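Novice: Structure, please.
(4 chains)
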Protein chains: 2
Amino acid sequence: MQSGHRNLTQQLVHELGKDILQGKYKVGNKLPSEADLCAQYDISRTATREAVKMLTAKGLISSRPRQGIKVLDSKHWNLFDVEVLNWILIGKPDLYMLRHFLQLRLSIEPEAAYLAAQYAKDSDIELIRNALARMKSAEDGYDDTLEADIEFHTSILGASNNPFFIQLKNFIEIALQVNLRFTNRFKAITIDEYQAHADIFDNIANRNPQAAHDASLKTQKITVGLVNDAITELEEKKG
Amino acid sequence: MQSGHRNLTQQLVHELGKDILQGKYKVGNKLPSEADLCAQYDISRTATREAVKMLTAKGLISSRPRQGIKVLDSKHWNLFDVEVLNWILIGKPDLYMLRHFLQLRLSIEPEAAYLAAQYAKDSDIELIRNALARMKSAEDGYDDTLEADIEFHTSILGASNNPFFIQLKNFIEIALQVNLRFTNRFKAITIDEYQAHADIFDNIANRNPQAAHDASLKTQKITVGLVNDAITELEEKKG
DNA sequence: AATATACTATTTATAATATAATTATAAATA
DNA sequence: TATTTATAATTATATTATAAATAGTATATT
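Specialist: Numbers count the residues shown, from 1 in each chain, chains lettered A, B, ... in the order given. Sure thing, here's the model as predicted:
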């Protein structure tokens, strides 16, 4: 159990959460009992029970007398929880999972851009402008591509001034990281990619919601299309 | 503290969660210490601490030695957690919150309909057909309007066969309940409303993604428009 | 005066132990 | 066969003790 700088409870939450998302403990199956977890990880019942409660709060497990601790059906999992998302990432998601991420991005981001053009404060616009500048730097190799990309897309969510969209920042951040697993980690941002992002920004800054929406949607459709093609190819290979 | 049939920990989670979402405990402010919570609710430290851990897992609070228990900034709250959503509902959300709900619905549901038309299994289609039939019954006063409406919209999310969209069922369910707070609770479903839903279903069943998307988007835009008008009117009154 | 260091008190973190409540399964009974 | 009762497994709750973390204060140092 890697300690990091977290307390025992948080460490156990991390270990078990990771194992559940990786399918080491399967839906409907039992985890070791409280007593067994204490023994396995050599920690007190106090810490163990608190970890179990935290995973319960995230919808991953249920724990009841006599029945023990069971993995809940995945429809109950808090997939937008930042820790759960990280456990998905750790679990080496496949192309189908990437498609799921991208389908929701396509659903969310164009509308976020629309709302940003409507409701962004000047300070919100500046944050997006800043992120775009980082992407320019990354294009020239002077900044981290992934970080700049994350900052750009999440700053638009922030500019929507809608708490639900803001909550989805975690989701987008992990989605971009999953995406990177399937592309070249170290490739620079191309001029085309940069321009697509700049278009979105310009339309937000110019307070043109529909154009901002459409610019965002255009890039999302291309990305989903690429993954659909990759999956089709994969399935044809398999037969 | 209402007991329901939940255990002590869950009861305290509910009480504190509700209070935080209602703003009784404000962002950045401290909650009573562990010891004080034990005294206030007359329960053991064990139960109290487990409740605190569960709220921590939902991103509502942090608890550290000497610092105590503090309400985290709302950007950390797991707004898509089913309990958190219920606490929002309990907290009597205003028109602005309704707009936030509707903005995300507009973002999610048309794309869910698109994916449903692409990926729904026959059994998924049957579930939507069933929900539509319930709406017809509700139109005639033979079924519950709200329940039928919830079943229709969530069954489409289910038919997307995308775990992230499926997770958002809770969100849509609460969104519809919030919406109802601002319309007539007992009004029957009108013929127009029913037809709009039937259009979405037909296009999903006929495997026409774009038409399903557009039919859904059309109704969502109307709803958002109504709330925007209501807010404009409200703000003009206030001056 | 400004900065670093050590001290102190507060609060949570962890552990250990005891007992109660819940409930799935098995056994007994009608 | 169906119903009830008993048993055992497991979590739920309570209590107590000690450790660790840390914000704030006091002290010492430059």
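Novice: what about the strands in chain A?
Specialist: In order along the chain, chain A carries the following strands (DSSP state E): A:61-64, A:68-71.
Novice: low pLDDT regions in chain A?
Specialist: Within chain A, the stretches with pLDDT under 70 are A:4, A:184-189, A:191.
Novice: Give me the domain ranges for it.
Specialist: A:8-76, A:94-238 (automatic domain parsing).
Novice: sorry, back to before: buried deepest among the strands of chain A, which one?
Specialist: Across those, averaging neighbours per residue (mean count of other C-beta atoms under 10 Å in any protein chain shown) puts strand A:68-71 on top, at a mean of 19. Glycine gets a C-beta too; all of them are placed from N, C-alpha and C.
Novice: Using PDB, write out the CA atom coordinates for stretch A:88-98.
Specialist: Extracted in PDB, the C-alpha atoms of stretch A:88-98 (Å, rounded to 0.1, in the frame of the first residue of the first chain):
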ATOM      1  CA  ILE A  88     -10.500   4.800 -14.300                       C
ATOM      2  CA  LEU A  89      -7.400   6.300 -15.800                       C
ATOM      3  CA  ILE A  90      -5.100   4.000 -13.700                       C
ATOM      4  CA  GLY A  91      -7.200   1.100 -15.000                       C
ATOM      5  CA  LYS A  92      -5.900   1.500 -18.500                       C
ATOM      6  CA  PRO A  93      -9.200   2.300 -20.300                       C
ATOM      7  CA  ASP A  94      -9.700   0.800 -23.700                       C
ATOM      8  CA  LEU A  95     -10.900   2.400 -27.000                       C
ATOM      9  CA  TYR A  96     -14.500   1.900 -26.100                       C
ATOM     10  CA  MET A  97     -14.000   3.800 -22.800                       C
ATOM     11  CA  LEU A  98     -12.300   6.600 -24.800                       C
END
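Novice: Please enumerate the helices of chain A.
Specialist: With DSSP state H, the ranges of helices along chain A come out as A:8-21, A:34-41, A:45-57, A:82-90, A:95-119, A:122-139, A:145-159, A:163-167, A:169-181, A:191-205, A:209-238.
Novice: Same question for the third one: list its buried residues.
Specialist: By that I understand helix A:45-57. Buried residues in helix A:45-57, counting neighbours by 16 or more other C-beta atoms under 10 Å in any protein chain shown, are found at A:47-57.
Novice: Repeat that for the last one.
Specialist: Buried residues in helix A:209-238, defined by neighbour count with 16+ other C-beta under 10 Å: A:209, A:211-217, A:219-220, A:224, A:227.
Novice: what does the fifth one give?
Specialist: Buried residues in helix A:95-119, counting neighbours by 16+ other C-beta under 10 Å, are found at A:95, A:97-118.
Novice: what does the fourth one give?
Specialist: By neighbour count on 16+ other C-beta under 10 Å, the buried set for helix A:82-90 is A:82-89.
Novice: Chain B next: which of these are close?
Specialist: Contacts with chain B within the buried residues of helix A:82-90, counted by C-beta under 8 Å from any C-beta of the partner chain: A:V82.
Novice: Quick check: of the buried residues of helix A:82-90, which lies closest to B:T154?
Specialist: Nearest to B:T154 among the buried residues of helix A:82-90 is A:V84, at 20.8 Å by C-beta to C-beta.
Novice: what's the spacing between that closest one and A:V13?
Specialist: Distance from A:V84 to A:V13, counting by C-beta to C-beta, to the nearest Å: 11 Å.
Novice: check contacts around the residue nearest to A:L234 when sequence neighbours are not counted.
Specialist: Excluding its sequence neighbours, the residue lying closest to A:L234 (C-beta to C-beta, 6 or more residues apart in numbering or on different chains) is A:L95, at 6.5 Å. Residues in contact with A:L95 (C-beta atoms under 8 Å, 6 or more residues apart in numbering or on different chains) are A:182, A:227, A:230-231, A:234.
Novice: likewise A:S62?
Specialist: With C-beta under 8 Å, 6+ apart, A:S62 has these contacts: A:56, A:69-70, A:72.
Novice: what about 6 Å?
Specialist: By C-beta atoms under 6 Å, 6 or more residues apart in numbering or on different chains, the contact set of A:S62 is A:70, A:72.
Novice: Contact residues of chain A facing chain B?
Specialist: Residues of chain A lying close to chain B (C-beta under 6 Å from any C-beta of the partner chain) are A:50, A:53-54, A:57-58, A:75, A:78-81, A:100, A:103-104, A:107-108, A:111, A:162, A:164, A:166-167.
Novice: mind redoing it with 8 Å?
Specialist: Residues of chain A lying near chain B (C-beta under 8 Å from any C-beta): A:9, A:13, A:46, A:49-50, A:53-59, A:74-75, A:77-82, A:100-101, A:103-104, A:106-108, A:110-112, A:115, A:160, A:162-167, A:169, A:171.
Novice: Quickly name whichever of the buried residues of helix A:82-90 is closest to DNA strand C.
Specialist: Minimum distance to DNA strand C across the buried residues of helix A:82-90 is 15.8 Å, recorded for A:E83 (C-beta to the nearest atom of the strand).
Novice: how close does that closest one get to A:I90?
Specialist: For A:E83 relative to A:I90 (C-beta to C-beta), the value is 10 Å.
Novice: which residues touch A:N130?
Specialist: A:151, A:155.
Novice: What of A:K26?
Specialist: A:V71.
Novice: Backbone dihedrals for it, please?
Specialist: Torsion angles at A:K26 (phi, psi; degrees, to the nearest 10) stand at phi -90, psi 160.
Novice: So for stretch A:204-213, first residue to last residue, what's the gap.
Specialist: 9 Å (C-alpha to C-alpha, to the nearest Å).
Novice: What parts of chain A come near DNA strand D?
Specialist: Selection of chain A residues close to DNA strand D by C-beta under 7 Å from any atom of the strand yields A:33-35, A:45-46, A:49, A:52, A:63-69.
Novice: Considering only those residues, which also neighbour DNA strand C?
Specialist: Near DNA strand C, by the rule C-beta under 7 Å from any atom of the strand, you find A:45-46, A:64-67 out of the residues of chain A next to DNA strand D.
Novice: Save the contacts of A:L95 as JSON lines, and put in distance to B:F201 too.
Specialist: Below are these laid out as JSON lines (distance: C-beta to C-beta, whole Å):
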{"residue": "A:F182", "distance to B:F201": "35"}
{"residue": "A:V227", "distance to B:F201": "28"}
{"residue": "A:A230", "distance to B:F201": "31"}
{"residue": "A:I231", "distance to B:F201": "27"}
{"residue": "A:L234", "distance to B:F201": "32"}
